[in-house]
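[1] A predicted structure for the sequence below; I have some questions about it.
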Amino acid sequence: MNVTMVPFGNARFSKSGKLECQHGADECTANSWEQCAISLYPDFEDHWPFYLCLEKSSLACGEGAGACTIKAAPRCARSSGLSEKKLKACVDDPEMSMALQHKFAQLTPAKHQYTPWVLVDGKLSPSDGDKILHEAATSSSSSRSSSSSSSNGSSKQQEEEQRRRRRRQRRQ
């Protein structure tokens, strides 16, 4: 299954080109942390733990979550095994962070009406994502083929080990 996270929400660029986030500048910065994680660690398995940690922190912070969420970003990076230094350098680089904001703005469906806007096989999730695992499992394009593979278990283990090594190297 292919999962694409798009941390932009209801932000927008004004006619003058200024970035405006629904919940203020801190939300824009929190989005930058997530965008940088996705950009620097493009494999879902690598950036998802950070993304999830930051989103859970935001929920725990409650009203006015922006500043509280930003404070959680370094802890989330460390607990997820991502380089806090690399992420912070990305977030603090005005050109890079703005380029990512534009990139994720382009990835955000123009006609989304709320967040999260969850699509499964290009169709809006009837459950708004709270039953995403069931929807993905029953989705026609996520069904698995019944054909067997000719590779043996040891080569699969070697491939998995190589993927793990590449992920560890990218994190450093």
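    Noted; the coordinates are in hand.
[2] what about the nearest residue to Glu34 once chain neighbours are set aside, distance to Ala105?
    Of all residues not flanking Glu34 in the chain, Pro7 sits nearest, at 3.8 Å (CB to CB, 6 or more residues apart in numbering). Bear in mind the C-beta positions are built from the backbone N, C-alpha and C, glycine included. With distances taken as CB to CB, to the nearest Å, Pro7 is found 11 Å from Ala105.
[3] These two: which is more packed in?
    Set Pro7 next to Ala105 and count neighbours by other CB atoms under 10 Å: Pro7 wins out with 24 against 15.
[4] Run through the residues that contact that one.
    Residues in contact with Pro7 (CB atoms under 8 Å, 6 or more residues apart in numbering) are Ala30, Asn31, Glu34, Gln35, Ile38, Tyr51, Phe104.
[5] Inside strands: which ones of those residues?
    Judged by DSSP state E, strands contain none of these.
[6] Closest one to Ala11 out of these, please.
    Nearest to Ala11 among the contacts of Pro7: Asn31, at 6.7 Å, using CB to CB.
[7] avg pLDDT for the strand or helix carrying Ala137?
    In this assignment (DSSP states H and E), Ala137 forms part of helix 132-138. The average pLDDT for helix 132-138 rounds to 74.
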